[in-house]
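Novice: Attaching a predicted model along with its sequence, questions to come.
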Amino acid sequence: MVPQNWEHSCMEYQSMLQIDIWGAKCDHVCNRNQRGMTMTVDDLKAAIRDVPDFPKPGILFKDITPILSDPELFKYAMSLFAAQLEGKGVTKVAAIDARGFFFGGVLCERLGLGLVPIRKQGKLPYKTFDQSYDLEYGSATLSIHQDAFEPGDRVILIDDLLATGGTAAASAELIKKAGGELVQIQFLIELAFLKGREKLEGHDIYVPIVF
Ligand code: AMP
């Protein structure tokens, strides 16, 4: 039963439902599953599915959908990201097209932050700043709305995976162009052998899972 006065009874409702919800003051990691067992980063790592030769031959794709579809793993992953924000004065989350949106949207809704999508060129409807970067073959361009940030905005950049670092470096450049102050870059997974960190020198990076 939903309490009559939602605004004043939100906490009460959560405890009625016995939901272990994490809020704006989250400084802990929600790592207990329904059976009371402690989850670790190794549980997240074990859930990632390797898909060979996707989207093209020679690429070993790290599929995060088994984490997204498991409520306890997803919540645990989100609490790892959220715990990082404590004390950083973050006001906006910039999420990278497309898998960064899964995490960015949840962080914003739970922590009361604004979401800024960084999208592939041609997808954002208003005036944009654009940034091209090199791919193995050819190049790609990412865009951000010119009015994405207000003066003083402190920004977290989030994506699912750090590979060569080109996508995140271009996104960091877009945040700078649009006037945001980038305080941390968060990924769920790093492919360390691709040395993506070298393109992100000088940035604070948080990544729980490293291959
Ligand atoms: P990069 O610019 O090389 O760091 O590539 C990072 C972007 O490409 C991220 O948005 C990832 O979602 C995606 N990506 C690159 N390599 C992989 C991979 N092996 N598995 C899954 N996603 C990948």
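Specialist: Perfect, thanks for sending it.
Novice: Run through the residues of this protein sitting next to the ligand.
Specialist: The chain comes close to the ligand at residues 59-62, 96, 99, 159-168, 196, as judged by CB under 6 Å from any ligand atom. Using the backbone N, CA and C atoms, a C-beta is placed for each residue, glycine as well.
Novice: shouldn't D63 be in contact with P55?
Specialist: No. The criterion here is CB atoms under 8 Å, and D63 misses it with P55 at 11.5 Å.
Novice: Mind giving me the packing neighbours of the top helix by length along the chain?
Specialist: In the chain, with assignment by DSSP state H, the single longest helix is helix 71-85. With contacts taken as 3 or more CB pairs under 8 Å, 6 or more residues apart in numbering; DSSP states H and E, helix 71-85 sits against helix 41-47, helix 65-68, helix 100-111, strand 181-190.
Novice: And the longest one, what does it pack against?
Specialist: It refers to helix 100-111. helix 71-85, strand 92-96, strand 114-120, strand 154-162.
Novice: For the residue most central in space within the chain, give me its contacts.
Specialist: Taking CA atoms, centre = their mean as the criterion, I158 is the residue nearest the geometric centre of the chain, at 3.4 Å. Contacts for I158 (CB atoms under 8 Å, 6 or more residues apart in numbering) come out as F81, V93, A94, A95, I96, G100, F103, G104, L107, I185, Q186, F187.
Novice: Mind putting those residues into TSV with pLDDT and neighbour count?
Specialist: As requested, these are exported to TSV (pLDDT from 0 to 100; neighbours: other CB atoms under 10 Å):
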residue	pLDDT	neighbour count
F81	97	24
V93	98	25
A94	99	28
A95	99	28
I96	98	26
G100	98	25
F103	98	25
G104	98	26
L107	96	22
I185	99	26
Q186	98	27
F187	98	25
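Novice: Tell me the one of the residues you listed nearest the ligand?
Specialist: Relative to the ligand, the closest of those is I96; by CB to the nearest ligand atom it sits at 5.6 Å.
Novice: re earlier: possible to save the helices and strands packed on helix 100-111 as JSON lines with distance to N33?
Specialist: Below are those laid out as JSON lines (distance: least, CB to CB, whole Å):
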{"stretch": "helix 71-85", "distance to N33": "5"}
{"stretch": "strand 92-96", "distance to N33": "26"}
{"stretch": "strand 114-120", "distance to N33": "28"}
{"stretch": "strand 154-162", "distance to N33": "22"}
